[in-house]
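K.L.:
below are the sequence and a predicted model for it; my questions follow.
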Protein chains: 2
Amino acid sequence: MIRRIGGHTIGFEEMPSITGYASVVGKKESEGPLGSMFDKVIYDSYDGKDSYEQAESQLQIEAVGAALVKAKKKANEVDYIFAGDLLNQCISSSYGLRDFNIPYLGQYGACSTMAQGLIMSAVFVESGAANIAMCVTSSHFCSAERQYRFPLEYGGVRTPTAQWTVTGAGSCVIENVKKGPCIARATVGKMVDLGVTDANNMGAAMAPAAAQTLKNYFDDTETKPEDYDLILTGDLGEVGSKALYDLLKLENIDITSRHNDCGLMIYDRKKQDVHAGGSGCGCAGSVFCSKILNDIVDKNLNNILFMATGALMSPTSCGQGASIPSIAHLINVKNR
Amino acid sequence: MIRRIGGHTIGFEEMPSITGYASVVGKKESEGPLGSMFDKVIYDSYDGKDSYEQAESQLQIEAVGAALVKAKKKANEVDYIFAGDLLNQCISSSYGLRDFNIPYLGQYGACSTMAQGLIMSAVFVESGAANIAMCVTSSHFCSAERQYRFPLEYGGVRTPTAQWTVTGAGSCVIENVKKGPCIARATVGKMVDLGVTDANNMGAAMAPAAAQTLKNYFDDTETKPEDYDLILTGDLGEVGSKALYDLLKLENIDITSRHNDCGLMIYDRKKQDVHAGGSGCGCAGSVFCSKILNDIVDKNLNNILFMATGALMSPTSCGQGASIPSIAHLINVKNR
């Protein structure tokens, strides 16, 4: 049974378990501090395919395949897969997943997709709509640059606030088995738009959404940052993380002792030239589905909040001068 | 409670009700046979805004606002809104809905989005995750032409199999109130790709997905076409509807006496130059949220299947020569 807690949060009585998870990344990500923790590394940006978009689809194929193996499940046992990505019409997901032949529900939450897919999976499993659900998301530096900024060949100079789109994917299998890492609560975000128009400063655009969702969660559950081992954001990066601290300080909430950000964890920013940190659906996806879930399984972490943020603009809306609406979805993941 | 029926279908024990619904269309749609049934008509393609994209967002704003009024609800009472559209990064939805301040879960199912949003809403309401859920989708002829084909100013000649993207939106409010039109069952589709590469013949690309979902539903529920007053597809158009009949005939299923298609209903194809019929998320959305739900409320229809199909390609994937994966999601709507 799912029960509503306060105005914005839901609690899962059975607490659906993450029984399999996997991450796949590119070469640059494999050279970062988490390099040894990913399930697979793709060293060629094309992964032997004809286009970056096809290579990104391949990331999802590999991540879903590896998550299924770890959950000891076959694709035809999965009732639903929730998937999304950053490409126009989410083609990494549709072309990546079509051959798995799993009932498919496409999601669009930009870089919040990993959290959104986990919430969907948990609701479907807890409600009985699914026995087994999966979610997956991806991003690819080269396909994202071409679509959102410039083709790589253009050689554009990046602004200091810019983040580096992670080449990576993460996938989870969710079942109601009452063991291992499980999803206890979730808070779905509302869109927040404080008027940021700089598409090279996504962290600043997304921080207000993160602050709102986190405050809603703490209010609804009557908990505080110290109740959790880790409060993990998806890809706020350096600029967005600082903005989040400042915004929460106004609400008398201090997360600094508990917070980390996937975008700050995945690269060694002293050695790797990624400016404000990593970003993209695959950033939160690959970090959550490697180090974080490993740490929960190993009981290094027992009660965490994972909140992925998304910037819901497009190159068209930015070109038309529109500001950037953002969103943050949160899940509370526990060890059982 | 939600129970699984057969391999692909779910049944809603409480059968969540559609307590409010609304449709908004453009001028051409208002001149078709259903013209008098839409809640609002927008006569100017720009709807007084600066761009077609902003006009499309406005369609969603109007549809959601009208559906809320008819359900006698305020936006702040709605727990979740499920929304999606055809534009890159679903900006009609994000920019249209940001000011409603409703927890937002973006969906991408291309033209299947109306059915997908209804399934999501029903699962969230039936499971207790939501007391009130909403869904909305839209399309706009001018924004779709610019993004998928050519800017209108180019004056490209359309192929005979081409369909006309509906300028329109549909929105529903879903609650567990045990009266009025209600959602009894749902079947989520798998992607089907039989190798069609012609993006000007979407009906043919989508028909195999429709045939598969419908067959799965009939198998799971042990029902037959004659058990329903209407089997309504979203936007197969003339070519796709014929292909669907042919594909189902191979399975010994004959839906011809019960079938209609929103894309064939919305325009007068003798007088309005729309080639193979209407298409787009807003086609299924506006027809379902007007004539169809009116007929259910008025008890002219008591037990129908509504199945919206989507083509999950993008201009990039088509340009790269990829074939078109398609999907069809189905709901069984009854009168109570």
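P.N.:
Structure received. Here the structure is a predicted model, which means the values were calculated and not measured.

K.L.:
residues in contact with A:Pro315?
P.N.:
Contact analysis of A:Pro315 by Cβ atoms under 8 Å, 6 or more residues apart in numbering or on different chains lists A:147-148, A:199, B:88. C-beta here means a position set from N, CA and C on the backbone, and glycine is covered the same way.

K.L.:
how much space separates it from A:Gln147?
P.N.:
Note on A:Pro315: its distance to A:Gln147, by Cβ to Cβ, to the nearest Å, is 7 Å.

K.L.:
A:Ser45 now?
P.N.:
Separation of A:Ser45 from A:Gln147 (Cβ to Cβ) stands at 15 Å.

K.L.:
so these two - more neighbours on which side?
P.N.:
A:Gln147 (21 against 18; other Cβ atoms under 10 Å in any protein chain shown).

K.L.:
surely that one meets A:Cys90?
P.N.:
No: contact between A:Gln147 and A:Cys90 fails when scored by Cβ atoms under 8 Å: they sit 12.0 Å apart.

K.L.:
enumerate the residues of the stretch 151-300 of chain A near chain B.
P.N.:
Residues of the stretch 151-300 of chain A found near chain B (Cβ under 8 Å from any Cβ of the partner chain) are A:188-191, A:193.

K.L.:
looking at those residues, which has the most residues close by?
P.N.:
A:Val188 (31 neighbours).

K.L.:
OK, contacts around it?
P.N.:
Counted by Cβ under 8 Å, 6+ apart, A:Val188 has contacts A:8, A:116, A:119, A:329, B:80, B:103-105.

K.L.:
what's the pLDDT at it?
P.N.:
If you check A:Val188, the pLDDT there is 98.

K.L.:
give me the phi and psi for it.
P.N.:
Backbone torsions for A:Val188, taken as degrees, to the nearest 10, come to phi -90, psi 140.

K.L.:
got it, and A:Leu250?
P.N.:
According to degrees, to the nearest 10, A:Leu250 has phi -60, psi -20.

K.L.:
where along the stretch 51-200 of chain A do the strands fall?
P.N.:
Taking DSSP state E, counting those that start in this stretch to define them, one finds strands in the stretch 51-200 of chain A at A:80-85, A:104-106, A:132-139, A:164-165, A:168-175, A:182-187.

K.L.:
go on, the stretch 201-336 of chain A?
P.N.:
Secondary structure of the stretch 201-336 of chain A (DSSP E, counting those that start in this stretch): strands located at A:230-233, A:259-261, A:278-279, A:303-311, A:326-334.

K.L.:
just those strands: most buried one?
P.N.:
Between those, strand A:278-279 has the highest mean count of neighbours, a mean of 34, where neighbours are mean count of other Cβ atoms under 10 Å in any protein chain shown.

K.L.:
pull up the pairing partners for that one, direction included.
P.N.:
Using DSSP bridges, the strands paired with strand A:278-279 in its sheet are strand A:164-165 (parallel).

K.L.:
for stretch A:257-272, C-alpha coordinates in PDB please.
P.N.:
Extracted in PDB, the C-alpha atoms of stretch A:257-272 (Å, rounded to 0.1, in the frame of the first residue of the first chain):
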ATOM      1  CA  SER A 257      27.600  17.800   6.500                       C
ATOM      2  CA  ARG A 258      25.500  15.200   4.600                       C
ATOM      3  CA  HIS A 259      25.500  16.400   1.000                       C
ATOM      4  CA  ASN A 260      27.300  15.200  -2.000                       C
ATOM      5  CA  ASP A 261      26.600  15.600  -5.800                       C
ATOM      6  CA  CYS A 262      27.000  12.900  -8.400                       C
ATOM      7  CA  GLY A 263      28.400  15.600 -10.700                       C
ATOM      8  CA  LEU A 264      31.100  16.400  -8.200                       C
ATOM      9  CA  MET A 265      31.900  12.700  -7.500                       C
ATOM     10  CA  ILE A 266      32.300  11.300 -11.000                       C
ATOM     11  CA  TYR A 267      35.300  13.300 -12.200                       C
ATOM     12  CA  ASP A 268      38.600  14.400 -10.600                       C
ATOM     13  CA  ARG A 269      38.100  18.100 -11.200                       C
ATOM     14  CA  LYS A 270      41.700  18.900 -10.400                       C
ATOM     15  CA  LYS A 271      43.000  16.600 -13.200                       C
ATOM     16  CA  GLN A 272      40.000  16.300 -15.500                       C
END
